[in-house]
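# what's the 3D shape of this:
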Amino acid sequence: MPAAELLARASLRPTRQRLRILEELAREPHDVTAQQLHRRLVDQDERIGLATVYRTLTALAEQGVVDALAHRPNETCYRLCGDAHHHHLVCTSCHRVLELEGCRMDEWVDDAAAAVDFLPTEHRLEVLGLCGSCR
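Below you'll find the predicted structure:
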């Protein structure tokens, strides 16, 4: 989906900087931190502040346009993912990210939550490990 459409879906104005952030994020096959993304944009002579990158990625994650992953200590990583509900396999060595579709956790989550009188509204799963290349 084009960057302008993703921003419209998130009810965010399609500013030049937001468009560039999404376009660069779309080039990343795995995930990237805000600082890494900022460095790439600056290296391409884009005039953009680090705070703008952080604010944009946070807003996009809050609207469900990008996924925010927590596998790096003290840093959030961002990934432009598909719309369907999915989970992630994350290599802790090379940071390769694979999407797992076809979630079969709903029944388990519902049962576990019901046992403690909890109503789940969503779930996310990151499985950390080593990909075949890094093993």
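# can I see the domain layout of this protein?
In terms of domains, the chain is parsed into 3-79, 86-129 (source: automatic domain parsing).
# Put together JSON lines for the ones you listed, with mean pLDDT, distance to residue 135 and mean neighbour count on each row.
Every residue, glycine included, has its C-beta placed from N, CA and C. Shown next, in JSON lines, are these (pLDDT from 0 to 100; distance: least, Cβ to Cβ, whole Å; neighbours: other Cβ atoms under 10 Å):
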{"stretch": "domain 3-79", "mean pLDDT": "91", "distance to residue 135": "17", "mean neighbour count": "16"}
{"stretch": "domain 86-129", "mean pLDDT": "89", "distance to residue 135": "9", "mean neighbour count": "12"}
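# partner residues bridging the most centrally placed residue in the chain?
Centroid-nearest residue in the chain, with Cα atoms, centre = their mean: residue 67, separated by 2.3 Å. Partner residues in beta bridges with residue 67, using DSSP bridges, are residue 79.
# Enumerate every residue touching it.
Listed by Cβ atoms under 8 Å, 6 or more residues apart in numbering, the contact set of residue 67 reads 61, 78, 79, 80, 81, 88.
# State the pair within those that is farthest apart.
Pairwise distances across those (Cβ to Cβ) peak at 13.8 Å, for the pair 61 and 88.
# which stretches of the chain form helices?
For the chain, the helices defined by DSSP state H cover 3-9, 16-27, 34-43, 50-62, 106-115.
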